[in-house]
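# Just need the structure, nothing else, for what follows:
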Amino acid sequence: MSMEEKEQLIKQINQLWTVQDLKRMFNKSHMTIHNWRRVDGLPHIEIKGDIRPTIRFIPSEVRAWAKRRGHKLNDKAQAA
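Reported below is the predicted structural model:
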């Protein structure tokens, strides 16, 4: 993989939301976010890691999921 490809990949990963981002945006706990992911189908991706995968969320998919579920999403809190 070239340096340019690595930089592009890092840029794409940095545009994904984290569990911390979702905690702030939904004003919910860590456990609620993970329960939504496991039980309620909150769309996510898992990035393979040494010990356990890193969980990330694609913003457009989270917004669509939240709208379908009737959850309020505070996008402005993501930058906090």
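
# quick one: low-confidence parts of this structure?
76-80 (pLDDT under 70).

# backbone phi and psi for the most centrally placed residue in it, please?
In the chain, the C-alpha nearest the mean C-alpha coordinate belongs to residue 57, at 2.3 Å (C-alpha atoms, centre = their mean). With angles defined as degrees, to the nearest 10, residue 57 sits at phi -130, psi 140.

# now swap in residue 55 and tell me
Residue torsions, per degrees, to the nearest 10, at residue 55 are phi -100, psi 130.

# Would you check that it makes contact with residue 49?
No. Residue 55 is not in contact with residue 49 according to C-beta atoms under 8 Å; the separation is 10.0 Å. C-beta: built from backbone N, CA, C; applies to glycine.

# which of the two has more neighbours?
Between residue 55 and residue 49, counted using other C-beta atoms under 10 Å, residue 55 has the larger neighbour count: 19 against 9.

# From residue 13, how far off is residue 6?
Distance of residue 6 to residue 13, computed by C-beta to C-beta, to the nearest Å: 11 Å.

# same check, this time on residue 3
16 Å.

# quick one, which of the two is more surrounded?
residue 13 (12 against 7).

# who touches that one in this structure?
Neighbour list for residue 13: 47, 56 [criterion: C-beta atoms under 8 Å, 6 or more residues apart in numbering].

# For the helix or strand encompassing it, output the C-alpha coordinates as PDB.
Residue 13 is part of helix 3-14, with elements assigned from DSSP states H and E. Extracted as PDB, the C-alpha positions of helix 3-14 are listed here (Å, rounded to 0.1, in the frame of the first residue of the first chain):
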ATOM      1  CA  MET A   3       1.700   6.300   1.400                       C
ATOM      2  CA  GLU A   4      -1.000   8.100  -0.500                       C
ATOM      3  CA  GLU A   5      -3.300   5.100  -0.100                       C
ATOM      4  CA  LYS A   6      -2.600   4.900   3.600                       C
ATOM      5  CA  GLU A   7      -3.300   8.600   4.000                       C
ATOM      6  CA  GLN A   8      -6.600   8.300   2.200                       C
ATOM      7  CA  LEU A   9      -7.600   5.300   4.300                       C
ATOM      8  CA  ILE A  10      -6.800   7.200   7.500                       C
ATOM      9  CA  LYS A  11      -8.800  10.200   6.300                       C
ATOM     10  CA  GLN A  12     -11.800   7.800   5.700                       C
ATOM     11  CA  ILE A  13     -11.500   6.200   9.100                       C
ATOM     12  CA  ASN A  14     -11.300   9.600  10.800                       C
END
